[in-house]
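Visitor: sequence unknown, structure follows:
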């Protein structure tokens with residue numbers, strides 16, 4: 001079983017670089033893509049971008065009946081993370097420093 005992420009096209013590359021399988025969807029088609037991911041029986045966990053589906057459990061309620069997998073997880077979108085005035089460059093700089101142990105000038 002795999003870990004899948006249902007997200008937008010802009011964010012999908014980041015998840016793919018992290019080794020996850022990313023399924024791209026628009027807000028209009030997100031519920032259908034989520035149901036397809038559930039019915040494929042390939043995923044143990046599906047993380048869903050909150051901007052696409054604010055409540056993935058409710059959107060997939062019918063498809064999840066009688067199933068224990070996948071676990072559905074709602075993830076905040078990066079745009080939401082920085083909408084409160086956060087500095088994206090500072091955030092990325094901290095992530096890189098924590099990961100590789102030194103600063104890289106962005």
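Guide: Now that the structure is in, tell me what you want to look at. Not measured: the values here are computed from a predicted model.
Visitor: from here on, just use CA atoms for contacts and neighbour counts.
Guide: Fine.
Visitor: who does residue 7 form a beta bridge with?
Guide: According to DSSP bridges, the residues that bridge with residue 7 are residue 24.
Visitor: okay, and residue 44 sits in which element?
Guide: In the assignment (DSSP states H and E), residue 44 maps to strand 43-49.
Visitor: now do that strand: distance to the chain's middle.
Guide: Counting by C-alpha atoms, centre = their mean, to the nearest Å, strand 43-49 is centred 7 Å from the centre of its parent chain.
Visitor: in the helix or strand just after that strand, what's buried?
Guide: Heading C-terminal from strand 43-49, the first helix or strand you meet, by DSSP H and E, is helix 56-59. Buried residues in helix 56-59, counted by 16 or more other C-alpha atoms under 10 Å: 56-57, 59.
Visitor: what is the nearest of those residues to residue 80?
Guide: Lowest distance from residue 80 to the buried residues of helix 56-59 (C-alpha to C-alpha) belongs to residue 56, with 17.3 Å.
Visitor: now for the closest one: which residues touch it?
Guide: The contact partners of residue 56, taken as C-alpha atoms under 8 Å, 6 or more residues apart in numbering, are 31, 34, 48, 72-74.
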